[in-house]
Structure formats: structure tokens, C-alpha cells
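J.: Output the structure for:
(one chain, ligands or ions: 2)
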Amino acid sequence: MKTGENLALKSFTTFGVAARAARVVEIDSPADLARCRFEPATDLVLGGGSNVLLAGDIDGTVFLNRIRGMRAVEDRGESVLVEARGGQLWHSLVLWSLREGLSGLENLSLIPGLVGAAPMQNIGAYGVELSEVLERVEAWDWQQGRMVEFSTAECGFAYRDSRFKSRDAGRFFITRIFLRLARHFTPRLDYDELREELGRSNIAAPDAHQVSRAVIMLRRRKLPDPTLLGNAGSFFKNPQVSAAEAESLRARFRDLPSFPANASTVKLSAAWLIEQCGWKGHREGDAGVSDRHALVLVNHGNASGAEILALAHRVRDSVLERTGVRLEPEARIYPETRT
Ligand code: FAD
Ligand code: NAP
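T.: Residues are numbered from 1 along each chain as shown. Ligands and ions are numbered 1, 2, ... in the order given. Sure, this is the predicted structure:
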């Protein structure tokens, strides 16, 4: 367990904003956790920092997850139970599972960050969510000072949400997850762009590797690379509204993309709403909105977290004023008092 005092955090998040932490602790094993205390008001757990905006310094301790590894733990023939530890790079798990002949994660290729953060917002892409393959989560409960386990049903998963992100925020350190992956591949090709990408390569009946490669190609083309331009992916969630509200919005904005979310709600494209308000490609100093994707706020170099947050508020307010739809941030903002 390595520790450091008064450390710069610029390279610890994909936004690449300057901030300092009073203390940083690297957690190498579950035993390290038993020796630490966590103060939810000031402390923070960080994985790859790809869903976080640091709007100021962290006065407490930043805990870094360094518990790595992944392996098959049970083989039922048609499916395999995989254990992945929280400090493992998510995309390396996806590639490893494909090499092992296992499917279920291919649509989630190239999502940045670490395994331990994946249950936080029930990561999802191209019509697939983590919750569909997850069997259970192991976590250290800072409050009770012991390891606990949650079945998928107990995780409170929803669209880009879970109990870990909402009602139990700051209570658990996720140490490992267990996934049930399939030997037989069933393609999930609901998204037009994914089918079109495969079509461009003349692939009519793709295997899991081909779906993964198509997702990787699409993401590289559509999203700014955080190693070149600081960002945290989608800054806002796609809003979900009642069917009646969606109908009245579509009457005003005929091209507004919308998708059924569940029996009574409709998901709207936040990127489209932001673009309609003229923000795509907008820049204020070094804080900006990506010119490739209106849902992605970017740091052109030396923007502070506070400047990016101020821009996010202006984007949110203008969408609310023009359309009546309130955007909620998907990225986590710390210190939490500034949100
Ligand atoms: P961090 O940013 O470090 O942390 C995120 C949150 O989880 C914080 O609240 C942190 O305190 C908490 N946390 C982290 N690890 C733990 C742990 N072990 N225990 C308890 N709490 C923890 N997300 C999607 O869902 N789908 C996408 O398609 C997607 N695409 C993206 C594309 C780009 C270019 C970028 C930059 C981001 C994208 N994201 C996407 C967002 C992000 O990559 C995911 O949310 C990812 O799971 C975050 O992982 P992380 O390790 O970087 O978490
Ligand atoms: P896209 O394919 O251009 O689609 C635009 C929006 O419409 C997406 O947000 C998506 O919702 C929704 N959508 C499209 N087809 C849909 C369908 N058949 N059924 C339901 N919803 C549909 O999206 P994109 O921005 O290029 O992103 C591609 C995928 O990667 C999306 O799933 C997106 O969530 C994910 N992604 C996530 C992040 C992040 O940081 N969270 C960043 C980049 C990409 P959903 O977003 O709900 O899927």
C-alpha cells in the first residue's frame, strides 16, 4: 500500500484538469482496505478517472484501485463464470474474454476505465448494459468495515445508474465482479450505426470479434480520444421523459431522436438537444463542447474543472430554457459541495 501527500491529480482523470489531493493511497489488496478509513464528505475512490470532473482540490484522501486480475472460475459448458478484479482495465477484460471464446462484452468494447467502476453506472453502449451479464459484485463496506456481496438484483441497476452511484454513493469500494459469459454468440445489433459499420465491411453474420472491432472503429471515429483531448465521454445522461412529454416535444422538434425506454417513458437524445441549442464545437477559453459529439465536454488544454462545470451549467440551462428538458450530469463531480 503506497501513500503520497499533496499530489497533483492532472494525470489521474481523463479530463486532465489541474487539482491536488491532500493524500493519495494505492490499494493493492483487500487487506489494505481493512487498514484504511473513508470519510465520504472529503474522500474519493478513483479508477481510471474517465467519468469524473474535479471541480476543485480534494481535501481528503484519494483511494486508487490497484487490485488486478481476471480468470474463469466455473465452466458450465454453454456459459462460463468470470471473476474480474476492480483494478483491471475494462477493455483488457473485454479483449481477454473474446480470446477465451466468450461473448457478452463485445458491444462494451473500448469503454475507458477500470472494472471496479463498471457497476457504478451500469456501463452501457450499443444497446447492451453490464447488468445483463453481471452475476454479483463484491465490495468493501467502509461503514461496517467488512466485505459484502450483492446479487445483480440487489445492485439497484437502472439506465447509467446503480445503488453505488445514487443511494449508497461513497459507501462501498468495489473489489471484484463476477460475469456470466456465453460460449454461443448471439449478436446484439439494435443500433443502426453498428449494423451500418458491419455492412461497410460486408459482414452480414458477424462473430463476436467482428462486432467488437466494429464498435472500436465507430468509437475511434466518433469520439475524441482522451489522451489527445481531455474529456469524460458523455457529460450528460440521455433524458427520459413521459410518453406525453415526448409527443409534445416531437410536435415542436420533428427530427428529435427518441427511443422507448420502458413501458411509460421515452429516451431522448441529449446530444441532439444540445446541438439544437448551438453548442456543438463551442469554445470558451480552453473549456468546450466537442465538435464531433455535442454530448462530450472537452478540455482543450488548461481549462480548470470549475470552468468546465460552469460551461456544463450554461449548456444545461439553455437546453432547459429552449426545450423544457432538464439534463442531468452522467459524470461525477467532485468535491461534491460544488455541484
Ligand atoms: P472513475 O471515473 O475513476 O470513477 C467513476 C465513479 O466511480 C466515481 O464516482 C468513483 O468514485 C467511482 N469508483 C471508481 N472505482 C470504484 C470502485 N472500485 N469502488 C467504488 N467506487 C468506484 N460509459 C459508459 O457507460 N458507456 C460508454 O460507452 C462510455 N464511453 C466513454 C467514452 C469516453 C471517451 C470516455 C472518456 C468515457 C466513457 N464512458 C462511458 C464513461 C466511463 O468510461 C465509464 O463510466 C467507466 O466505467 C468509468 O471508469 P473509471 O475507472 O474511469 O471510473
Ligand atoms: P448514437 O449511436 O449516435 O445514438 C445517439 C443516441 O441515441 C445514443 O445516445 C443512444 O442511446 C440512442 N440510440 C441510438 N440507437 C438506439 C436504439 N436502437 N435503441 C435505443 N437507443 C438508441 O450514439 P453515440 O453517441 O455514437 O454512442 C454510441 C453508444 O456508445 C451509445 O450506446 C452511447 O451510450 C455509448 N457511449 C457512451 C458514452 C458515455 O460516456 N456514457 C460515451 C460515448 C458513447 P444510449 O446512449 O442510451 O445508448
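J.: what's the domain layout of this structure?
T.: According to automatic domain parsing, the chain comprises the domains 2-65, 70-182, 230-334.
J.: of those, which approaches ligand 2 most closely?
T.: domain 230-334 (2.4 Å; C-beta to the nearest ligand atom). From N, CA and C alone the C-beta is placed, and that goes for glycine too.
J.: what separates that closest one from the chain centre, distance-wise?
T.: The chain centroid and the centroid of domain 230-334 are separated by 16 Å under C-alpha atoms, centre = their mean, to the nearest Å.
J.: repeat for stretch 324-338
T.: Using C-alpha atoms, centre = their mean, the distance from the centre of stretch 324-338 to the centre of the chain it belongs to is 14 Å.
J.: ok, that stretch near ligand 1 or not?
T.: Yes - judged by C-beta under 6 Å from any ligand atom, stretch 324-338 comes into contact with ligand 1 through R332.
J.: now swap in stretch 19-30 and tell me
T.: No - using C-beta under 6 Å from any ligand atom, we find that stretch 19-30 stays clear of ligand 1, coming within 8.6 Å at best.
J.: So what's the gap between that stretch and the chain middle?
T.: On C-alpha atoms, centre = their mean, the centre of stretch 19-30 falls 21 Å from that of its chain.
J.: Show me where the stretch 201-339 of the chain has its helices.
T.: For the stretch 201-339 of the chain, the helices defined by DSSP state H, counting those that start in this stretch occupy 208-222, 243-252, 270-276, 305-323.
J.: just to revisit the earlier point, and of the domains of the chain, who's closest to I216?
T.: Of all the domains of the chain, it is domain 70-182 that lies closest to I216, at 5.0 Å by C-beta to C-beta.
J.: So the closest one, near ligand 2 or not?
T.: Yes - Domain 70-182 reaches ligand 2 (C-beta under 6 Å from any ligand atom) through G124, A125, Y126, G127.
J.: Turn these into JSON lines, including secondary structure, pLDDT and neighbour count.
T.: JSON lines is the format used below for those (DSSP: H, G, I helix; E, B strand; the rest coil; pLDDT from 0 to 100; neighbours: other C-beta atoms under 10 Å):
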{"residue": "G124", "secondary structure": "strand", "pLDDT": "98", "neighbour count": "18"}
{"residue": "A125", "secondary structure": "strand", "pLDDT": "98", "neighbour count": "18"}
{"residue": "Y126", "secondary structure": "coil", "pLDDT": "98", "neighbour count": "20"}
{"residue": "G127", "secondary structure": "coil", "pLDDT": "97", "neighbour count": "13"}
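J.: Would you map the strands across the stretch 101-250 of the chain?
T.: 124-125, 128-129, 134-141, 146-151, 172-182, 230-234, 240-242 (DSSP state E, counting those that start in this stretch).
J.: Fine by me, we can end here.
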